[in-house]
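Novice: quick check, what structure comes out for this input:
(4 chains)
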There are 2 protein chains.
Amino acid sequence: MTVSGRRGQRPTLEQVAAYAGVGRGTVSRVINGAANVSDQTRTAVQQAIAELGYVPNRAARALAAGSTDAIALVIPEAETRLFAEPYFSGIIRGVSTELADTDMQLLLTLIRTPKERDRFAQYVTAHRVDGVLLVSVHADDPLPDLLERIEMPAVLSGRRSGDESVPYVDCDNTGGAQAAVEHLIGRGRRAVATVTGPLDMYVAQCRLHGYRDALRAAGLEQDERLVADGDFTEEGGRRAMRELLSRRPDLDAVFCASDVMAAGARAVLRESGRRVPEDVALVGFDDSAVARHMDPPLTSVRQPLEEMGRSMARVLLEQIEDRKAGRDDRAGRVLPTELIRRASS
Amino acid sequence: MTVSGRRGQRPTLEQVAAYAGVGRGTVSRVINGAANVSDQTRTAVQQAIAELGYVPNRAARALAAGSTDAIALVIPEAETRLFAEPYFSGIIRGVSTELADTDMQLLLTLIRTPKERDRFAQYVTAHRVDGVLLVSVHADDPLPDLLERIEMPAVLSGRRSGDESVPYVDCDNTGGAQAAVEHLIGRGRRAVATVTGPLDMYVAQCRLHGYRDALRAAGLEQDERLVADGDFTEEGGRRAMRELLSRRPDLDAVFCASDVMAAGARAVLRESGRRVPEDVALVGFDDSAVARHMDPPLTSVRQPLEEMGRSMARVLLEQIEDRKAGRDDRAGRVLPTELIRRASS
DNA sequence: AAGTCCTTTGGGAGCGCTCCCAGGCGTGAT
DNA sequence: ATCACGCCTGGGAGCGCTCCCAAAGGACTT
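Specialist: Numbers count the residues shown, from 1 in each chain, chains lettered A, B, ... in the order given. Sure thing, here's the model as predicted:
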């Protein structure tokens, strides 16, 4: 870690210029990779930069250029506990990776209260960032619309509905659920139940669709007694499982739309004296830590979280570029999921 | 969410001044809470600010004032998977909470490679942030020393050793471990084993100390055959548990220095035909999601993560203030842990 | 030899703020 | 009435960049 000291006084662009015997503009051009600089000059400047240990002053650059070189990653606090851990850390890791060789900075913003939301709205409206990444917004969150209105580049993780107007990155929830259920059917299960998330969330709808698609494709009957809402919580999973067992005691498999609900369901299955997977096969969704540590370990659908994070960053950066260039090419991106097979099915 | 539009042109301080019929300096004074402004003027300015929807331009302020109003939260990538989720999200939540009514911004920096570390070092050396929060650094990480050398305010989560020179916030690992083991002894267990973390980590040493302290206080013999290194991993926990069982098949309780290792130990106990807690009581550390979802749910020592995050932010802000004022009052802070009792003990 | 066009370069202006100095004005003392 | 001393206030200077214009020079053409 060689950082030339020269304590107190950081070198400025002007000093670099003087040292290299060129003008300020030229150094600026070299730094920003402008084309029209002779090789010789460029080399001289680069050397001066290296020798002086020059690092551009972001504030000055932002002020002069009117950009900020920063994007905000916004996480609604409610989600912080619920979806919780693996989701965020995965996405953050991806975003950070993608940003690593940009000189964009990542601002982390947790939003807990309406007051904080307003404050962030102000902040964003004042164009203090170049773009915004919104993680797991609710359908009724006003932020996406605000961002659209003020023409601030933004990317959502997940969609609020089937025809999302803001650019997004999502994973293939339908396909993942379908694969999970196909897997269960392939193992000879015939009475496959599902514990869904709250059906006012698009992600929950998709996973239910996937379930139905798989049954239909296999020519199995759809029995509404095999479908129960688990609310994406462990307690909800318990409740839903009890309901399912009372309605169809003969069920031989359950697809849960989240691992946490699967954990609840698993507990109820145990209480009812049923073995997993011998009597009832179980599959979850998310491939979280919970899944790996359940007994037996839970088969689950993995979302490519890190890749989603990378995609989000990439899509956002493109959007920022496009805006600058006057283009406007907004599109969503859906990434594939993967079934991780473990002992529970 | 009322954000006055006035699209395209954000109001500047100058415009606020004109609108309020005062000079630039006066508006600046009001914004920064300087004392010597008459009440009347202050009110007029505040109203102008509100009516124009003025939001100060950070870049300009940073440039003029030579500060940045931003702090960096640095997470070494290696840790991102290991300690993983609850640790970071808890700390981040705390930091963010504490920063919420400051106008400090939180920059998130993941460091994976030496190259990224150097880049961050450059960045920090160029004083592009006002302070740094370092999460779970290793004893051999060069970053803390660098920060000390360039006199950049910094706070560590956890200590690298008993006499940490950089300000830190830690939880009471020794006390937590001691409480856990006392709890086991209180339940009548006499052959209490422990699975430790890697003993070159200070945190692992502390937890082992707590274990020994509790045994000593209860007048129980210390048997080195009851101590095994589990390396803070699940596989390590398995290995350590096997070793312990072969050395002391009569053990009736195990204190694991992390939940993840406890999960490994639990699996081995099951394989060996032992019941938890009837035959062997089990306690973990961290109170992570894993603990709640184990079968039976795992008694564990909770670290006040969110409070640690808040403390870190607070200590850092104080330090930044102190530096400005020429003072220099660096100190560590240790927060208490709490034993969460569940069915495993 | 003069004119044209392109590439490369230097440096002025200005981004929106903070810092600080000088000046205005009121109050109390002389 | 005069002076000294405060408190407020306005606005110049300057933070370190980017943007852009003008100018210098080289390679061709006429």
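
Novice: so which strand or helix has the closest residue to DNA strand C within the stretch 51-200 of chain A?
Specialist: Residue nearest to DNA strand C within the stretch 51-200 of chain A (Cβ to the nearest atom of the strand): A:A64, separated by 3.6 Å. C-betas here are computed from N, CA, C, even on glycine. Following DSSP states H and E, one finds A:A64 within helix A:58-65.

Novice: following the chain onward from that helix, which element is next?
Specialist: Taking DSSP H and E, what comes next after helix A:58-65 is strand A:70-76.

Novice: how far does that next one sit from its chain's centre?
Specialist: Centroid displacement of strand A:70-76 relative to its chain, using Cα atoms, centre = their mean, to the nearest Å, is 11 Å.

Novice: go on, stretch A:237-256?
Specialist: For stretch A:237-256, the separation from the chain centroid amounts to 31 Å (computed by Cα atoms, centre = their mean).

Novice: kindly report the same for stretch A:19-37.
Specialist: Mean-position distance between stretch A:19-37 and its chain equals 38 Å (Cα atoms, centre = their mean).

Novice: next, the distance between the ends of it.
Specialist: Counting by Cα to Cα, to the nearest Å, you get 17 Å between the two ends of stretch A:19-37.

Novice: next, see if that stretch gets close to DNA strand D.
Specialist: Yes - interface with DNA strand D: stretch A:19-37 contributes A:R24, A:G25, A:S28, A:I31, A:N32 (Cβ under 7 Å from any atom of the strand).

Novice: which among those count as buried?
Specialist: Listed as buried from these are A:S28, A:I31; burial here means 16 or more other Cβ atoms under 10 Å in any protein chain shown.

Novice: tabulate the residues of stretch A:19-37 next to DNA strand D (a markdown table), appending distance to B:L251.
Specialist: Below are the residues of stretch A:19-37 next to DNA strand D laid out as a markdown table (distance: Cβ to Cβ, whole Å):
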| residue | distance to B:L251 |
| --- | --- |
| A:R24 | 73 |
| A:G25 | 75 |
| A:S28 | 69 |
| A:I31 | 64 |
| A:N32 | 66 |
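
Novice: which parts of the stretch 51-200 of chain A sit against DNA strand C?
Specialist: Residues of the stretch 51-200 of chain A lying close to DNA strand C (Cβ under 7 Å from any atom of the strand) are A:A60, A:L63, A:A64, A:G66.

Novice: just the residues you listed now: which is nearest chain B?
Specialist: Using Cβ to the nearest Cβ, A:L63 comes nearest to chain B of these, at 4.2 Å.

Novice: show me where pLDDT drops low in chain A?
Specialist: Residue ranges of chain A with pLDDT under 70: A:1-9, A:78-85.

Novice: could you pull out the helices for it?
Specialist: Here chain A has its helices, by DSSP state H, at A:13-20, A:24-31, A:39-52, A:58-65, A:77-82, A:84-99, A:114-125, A:143-149, A:173-186, A:202-217, A:234-247, A:259-271, A:289-293, A:305-324.

Novice: got the CA coordinates for the longest one in PDB?
Specialist: Presented in PDB, the C-alpha positions along helix A:305-324 are these (Å, rounded to 0.1, in the frame of the first residue of the first chain):
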ATOM      1  CA  LEU A 305     -28.800 -12.500  -6.000                       C
ATOM      2  CA  GLU A 306     -25.300 -11.400  -6.700                       C
ATOM      3  CA  GLU A 307     -25.900 -11.500 -10.400                       C
ATOM      4  CA  MET A 308     -29.100  -9.500  -9.800                       C
ATOM      5  CA  GLY A 309     -27.100  -6.800  -8.000                       C
ATOM      6  CA  ARG A 310     -24.600  -6.700 -10.800                       C
ATOM      7  CA  SER A 311     -27.300  -6.400 -13.400                       C
ATOM      8  CA  MET A 312     -29.000  -3.700 -11.500                       C
ATOM      9  CA  ALA A 313     -25.900  -1.600 -11.400                       C
ATOM     10  CA  ARG A 314     -25.200  -2.300 -15.000                       C
ATOM     11  CA  VAL A 315     -28.700  -1.300 -16.100                       C
ATOM     12  CA  LEU A 316     -28.500   1.800 -14.000                       C
ATOM     13  CA  LEU A 317     -25.200   2.900 -15.400                       C
ATOM     14  CA  GLU A 318     -26.400   2.300 -19.000                       C
ATOM     15  CA  GLN A 319     -29.400   4.400 -18.200                       C
ATOM     16  CA  ILE A 320     -27.300   7.200 -16.900                       C
ATOM     17  CA  GLU A 321     -25.200   7.100 -20.000                       C
ATOM     18  CA  ASP A 322     -28.300   7.000 -22.200                       C
ATOM     19  CA  ARG A 323     -29.800  10.000 -20.500                       C
ATOM     20  CA  LYS A 324     -26.700  12.000 -21.000                       C
END
